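Engineer: Need the 3D shape of this:
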Amino acid sequence: MKELLFQKVEDQSKRLCELADTIYDASEWGCEEYKSQAALCTYLEENGFTVTRGVGGLPTAFRAVYQSLEGGPRIGFLCEYDAIYGIGHACGHHMQGPSAVGAAAALKECLGGKQPFSLIVYGCPDEEGHAEGGKIVMVENGCFEDIDVAMIMHGGTETTTDLRTLAAVRFDAWFKPKPGEENGGESLAMDAMLLAFQGVEFMREHIRDGARIHYTYWPEEADAACCHAEFSVRSATLGYFEELKERFRAVLEGAAKMAGVDVRICMGREYKPKVPIQTLVDSFYENAKLAGAERIEGARKRVGSTDFANVMFKVPGIGIRIAFAPKGTSAHSREWLELGKAEEAYRAIQTAAKTLAAMGLDFIETPQKLSQARKDFEWERERLLQPECIS
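Structural biologist: As a prediction, the model looks like this:
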């Protein structure tokens, strides 16, 4: 059956590459991906899926469904299609949609009307966080409740998966002189910001392994007397994350008090940590090998942060990485961008679609795998709620 499934993917190869080129050329920022959304939705409709645009409170999101018979496992494929502000598709998101829709269409062609299952494809805008972090907004608005497993593809320098990511949240702080301060107001605001940066440096020495704090300064501000700083607070577990955020806030407030200025603190949406599920990891490696994936390596234990983790905190999920870029090439770089239409990228789309489709086939034919994945998910998620740091 998997040989037939792989052939169905290959039959779509030309169209999938054309889809990738369309998304690459559109190069749309987060929550502005109308051309990319239209291309993916049209392809899904042509292949017999019922498509709803604008789901989850985001105009450029979509949900596509195919139901085979009644009941059965609910297989979820997710895809991103936003480009990076100022550079384009230097993260390879143009490859994700074609991989997801190719896998879904192949499964429908092979198994549709023969076994009970449903295929749900979610189009997810703004992973790069240009506006909000799309999947976080979609989760808040009730998306992903209709799937038993969530799978997404990403290009990489090797074929692998990420076991963990860090919980993260962005803080913006505006330091401003108190009303009526006539002399040295700008200097006081700058002093407060620098004190906050120095406080973070000292705080870094007294936080647990797996926690991170980053900061930067925004030089352009409408109010010349105001200093605007941006921070990112990260942690391996949600229990310690709560403690870390409170300690960090105290640093900002203390810096403002020392300089005698006011501070306004705004916190963005929170990124959850990924929930590692060995059942899904095993399925990925088994099927990636069958699909002919190149440069297969062991799972990465920790990377950065992603809004897909918020989906993985709701439902068992896995993000797979398929090799297409040379080892050592950095994502979000000009080199990565220039590989977007290379033959290696087109092969990775086909390999990813085969791998995702084969994983979906396993879950449809052996629902017990999904049951085990759910058990793994509930146990691992509970661990992440504890304050102890996980290495």
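
Engineer: show me where the stretch 251-391 of the chain has helices.
Structural biologist: For the stretch 251-391 of the chain, the helices defined by DSSP state H, counting those that start in this stretch occupy 278-290, 308-312, 334-338, 343-365, 367-384.

Engineer: Then the stretch 1-150 of the chain?
Structural biologist: Using DSSP H, counting those that start in this stretch, the helices of the stretch 1-150 of the chain run over 2-11, 13-26, 34-46, 96-111, 134-140.

Engineer: Quick check: which of those helices is nearest to residue 378?
Structural biologist: Residue 378 sits nearest to helix 134-140 of all those, at 17.6 Å, using CB to CB. No exception for glycine: its C-beta is placed from N, CA and C like everyone else's.

Engineer: List the buried residues in that closest one.
Structural biologist: For helix 134-140, the neighbour count (16 or more other CB atoms under 10 Å) marks 134, 135, 136, 137, 138, 139 as buried.

Engineer: for the lengthiest strand in the chain, packing partners?
Structural biologist: Longest strand of the chain, by residue count under DSSP state E: strand 167-177. The helices and strands touching strand 167-177, judged by 3 or more CB pairs under 8 Å, 6 or more residues apart in numbering; DSSP states H and E, are helix 185-204, strand 227-235, helix 238-259, strand 261-267.

Engineer: Measure how that strand sits relative to strand 227-235, angle-wise.
Structural biologist: Taking axes from the mean of the first three to the mean of the last three CA atoms, to 10 degrees, one finds strand 167-177 and strand 227-235 inclined to each other by 160 degrees.

Engineer: What residues of strand 167-177 count as buried?
Structural biologist: Buried-residue list, strand 167-177, by 16+ other CB under 10 Å: 167, 168, 169, 170, 171, 173, 174, 175, 176, 177.

Engineer: just to revisit the earlier point, pick the most deeply packed of the helices and strands packed on strand 167-177.
Structural biologist: Using mean count of other CB atoms under 10 Å, the stretch among the helices and strands packed on strand 167-177 with the largest mean neighbour count is strand 227-235, at a mean of 21.

Engineer: So in that sheet, which strands flank it, and in what orientation?
Structural biologist: Each strand paired with strand 227-235, and its direction, by DSSP bridges: strand 167-177 (antiparallel), strand 212-218 (antiparallel).

Engineer: Just send the buried residues of helix 134-140 back as JSON lines, with distance to residue 306 and pLDDT too.
Structural biologist: As requested, the buried residues of helix 134-140 are exported to JSON lines (distance: CB to CB, whole Å; pLDDT from 0 to 100):
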{"residue": "134", "distance to residue 306": "11", "pLDDT": "94"}
{"residue": "135", "distance to residue 306": "8", "pLDDT": "96"}
{"residue": "136", "distance to residue 306": "10", "pLDDT": "95"}
{"residue": "137", "distance to residue 306": "14", "pLDDT": "95"}
{"residue": "138", "distance to residue 306": "14", "pLDDT": "97"}
{"residue": "139", "distance to residue 306": "13", "pLDDT": "97"}
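
Engineer: now, which of these sits nearest residue 285?
Structural biologist: Using CB to CB, residue 135 comes nearest to residue 285 of the buried residues of helix 134-140, at 24.6 Å.

Engineer: you'd agree the closest one is up against residue 314?
Structural biologist: No - under the criterion of CB atoms under 8 Å, residue 135 makes no contact with residue 314, lying 9.8 Å away.

Engineer: so who does residue 78 touch?
Structural biologist: Counting by CB atoms under 8 Å, 6 or more residues apart in numbering, residue 78 makes contact with 100, 121, 122, 124, 135, 150, 151, 152, 308, 311.

Engineer: Let me know the pLDDT of the closest residue to the fifth one other than its chain neighbours.
Structural biologist: Right, the one you point to is residue 135. On the basis of CB to CB, 6 or more residues apart in numbering, the spatially nearest residue to residue 135 that is not a chain neighbour turns out to be residue 307, at 4.0 Å. Note on residue 307: pLDDT of 94.

Engineer: likewise the one 4 residues further on?
Structural biologist: Per-residue confidence at residue 311 stands at 97 (pLDDT).

Engineer: And the one 10 residues further on, by the same measure?
Structural biologist: Per-residue pLDDT puts residue 321 at 97.

Engineer: wait, it sits on residue 99?
Structural biologist: No - the pair residue 321 / residue 99 is not scored as a contact, 11.5 Å apart, by CB under 8 Å.

Engineer: Which one's more surrounded, those two?
Structural biologist: Taking neighbours as other CB atoms under 10 Å, residue 321 and residue 99 compare with residue 99 leading, 32 against 25.

Engineer: Would you mind confirming that that one makes contact with residue 357?
Structural biologist: No - look at residue 99 against residue 357 with CB under 8 Å: they stay out of range, at 9.5 Å.

Engineer: Next up, the contacts around residue 358.
Structural biologist: Taking CB under 8 Å, 6+ apart, one finds 2, 5, 6, 287, 290, 291 in contact with residue 358.

Engineer: could I get those as TSV with distance to residue 206?
Structural biologist: Putting the contacts of residue 358 into TSV (distance: CB to CB, whole Å) gives the following:
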residue	distance to residue 206
2	52
5	53
6	53
287	44
290	48
291	47
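
Engineer: What subset of the residues you listed is buried?
Structural biologist: For the contacts of residue 358, a neighbour count by 16+ other CB under 10 Å gives the buried set as 5, 6, 287, 291.

Engineer: Thanks a lot, see you next time.
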